[in-house]
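Student: Below are the sequence and a predicted model for it; my questions follow.
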Amino acid sequence: MTQQIAIPSGKKVYFASDFHLGFPNVNESLLREKELIRWLNSIKSDAKALFLVGDLFDFWFEYRQVVPKGFVRFIGKLAELSDVGVEIHLFVGNHDLWMWDYFEKEFSAHIYREPTRFLFKFQDHQENIFVGHGDGLGPGDNGFKVLKKVFTSSLAKFCFRWLHPDLGVKLAHLWSNTRKTTAITEGFVPFNSETDYILSYVRDQLEIHLRNKEIFTSYIFGHRHHPIAYPLNASSTYYNLGDWFSPDFKNAYYLTISENEKIFQSFQ
């Protein structure tokens with residue numbers, strides 16, 4: 001199903017991904033969180049919608065009455081943006097798989113667990129946009145695909161909920177840290193259009209859309225930890241939004257879509 005968003009004249013839509021708040025420790029995460037707040041303040045006046053495309057946290061689990069402590073500046077800023085009329089769209093990533101309805105209840109966020117189609121309706125034209133986090137897509141990584149099914153099963157969620165939060169969060173961070181070295185390294189691997197697994201998935205989707213006589217101008221993903229703007233054809237571009245925990249924010253990019261242009265730029 002296509003989600004439709006009307007974009008008033010002068011307003012913009014912003015996309016960013018992979019903040020991994022909480023990694024690698026409280027102090028470094030807090031510095032990154034404050035930079036995020038600086039960016040969110042800069043877009044507050046002209047944003048119609050904000051898309052955060054997964055892995056906002058290095059770990060997130062919503063118990064019935066408890067959520068992980070910390071991140072109050074970031075969560076409070078999202079609530080503030082929502083209160084002034086900015087639509088908040090959150091995609092569940094592989095590090096925040098257990099995000100449910102807390103943000104929906106707190107500040108009316110829209111939550112997505114699968115790649116989703118959007119129709120942006122500007123005053124003089126419309127654009128189809130395709131957005132997803134990117135984990136488990138394309139060929140390969142079969143081990144992760146199996147684990148994702150296990151972790152998102154009702155039994156896994158039930159069992160984890162019975163762990164004391166202090167123990168559950170500690171175990172989750174230990175698991176996350178065992179995989180993070182690979183994730184950081186991946187962010188510095190040069191983009192290869194022949195082997196990029198998300199691009200492979202995007203090309204399959206593009207072919208389906210073209211067969212159905214649909215034109216999607218932007219395919220927007222995260223997870224790859226490397227900023228990419230790759231033309232698919234004369235009408236469509238694949239974007240990957242990078243990450244915000246690389247040294248000196250080297251890979252911290254964001255995408256802006258407005259009535260007259262698309263801008264893919266570094267945060268710095």
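Tutor: Cool, the structure landed.
Student: Give me the most central residue, the chain.
Tutor: Nearest residue to the geometric centre of the chain (CA atoms, centre = their mean): residue 53, 1.4 Å.
Student: Could you report the pLDDT at residue 222?
Tutor: On pLDDT, residue 222 comes in at 95.
Student: do you know how far the nearest residue to it once chain neighbours are set aside is from residue 40?
Tutor: Closest residue in space to residue 222, ignoring its immediate chain neighbours: residue 17 at 3.0 Å, by CB to CB, 6 or more residues apart in numbering. In this view, the C-beta of every residue, glycine as well, is placed from N, C-alpha and C. Residue 17 is 14 Å from residue 40, where distance means CB to CB, to the nearest Å.
Student: Kindly report the same for residue 115.
Tutor: Residue 115 is 24 Å from residue 40, by CB to CB.
Student: Sticking with residue 205, tell me its helix or strand.
Tutor: Using DSSP states H and E, residue 205 sits within helix 197-211.
Student: which other helices and strands contact that helix?
Tutor: With contacts taken as 3 or more CB pairs under 8 Å, 6 or more residues apart in numbering; DSSP states H and E, helix 197-211 sits against strand 126-132, strand 216-221, strand 237-241.
Student: And for the last one, what's in contact with it?
Tutor: Read it as strand 237-241. 15-18, 53, 134, 198-199, 202, 217-224, 226-232, 253-255, 262, 264 (CB atoms under 8 Å, 6 or more residues apart in numbering).
Student: 7 Å instead?
Tutor: 15-18, 53, 198-199, 202, 218-222, 224, 226-232, 253-255, 264 (CB atoms under 7 Å, 6 or more residues apart in numbering).
Student: In PyMOL, how would I select just the buried ones from these?
Tutor: The PyMOL selection below is limited to those of the contacts of strand 237-241 classed as buried (16 or more other CB atoms under 10 Å):
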select buried, resi 15+16+17+18+53+198+199+202+218+219+220+221+222+224+226+227+228+232+253+254+255+264
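Student: pretty sure the residue nearest to residue 222 contacts residue 220?
Tutor: No. At 8.6 Å, residue 17 and residue 220 do not qualify as touching, with contact defined as CB atoms under 7 Å.
Student: Quick check: neighbours shared by these two?
Tutor: In contact with both residue 17 and residue 220: residue 53, using CB under 7 Å, 6+ apart.
Student: re the thing from before, how near is the residue nearest to the centre of the chain to residue 15?
Tutor: 6 Å.
Student: which residues do these two both contact?
Tutor: Residues within reach of residue 53 and of residue 15 at once, by CB under 7 Å, 6+ apart, are 220, 241.
Student: ok, now which ones touch residue 7?
Tutor: Here residue 7 is in contact with 13, 48, 120, 121, 122, 259 (CB under 7 Å, 6+ apart).
Student: Just give me the closest of those residues to residue 206.
Tutor: Nearest to residue 206 among these: residue 120, at 18.0 Å, using CB to CB.
Student: wait, doesn't the closest one sit right on residue 5?
Tutor: Yes. With contact defined as CB under 7 Å, residue 120 and residue 5 form a contacting pair (5.6 Å).
Student: Would you mind telling me which of the two has more residues around it?
Tutor: Taking neighbours as other CB atoms under 10 Å, residue 120 and residue 5 compare with residue 120 leading, 22 against 17.
Student: which residues touch residue 116?
Tutor: Residue 116 neighbours (CB under 7 Å, 6+ apart): 3, 131, 132.
Student: Among the residues you listed, the buried ones, what's the ChimeraX command?
Tutor: Of those, the buried ones can be selected in ChimeraX as follows, counting by 16+ other CB under 10 Å:
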select :131,132
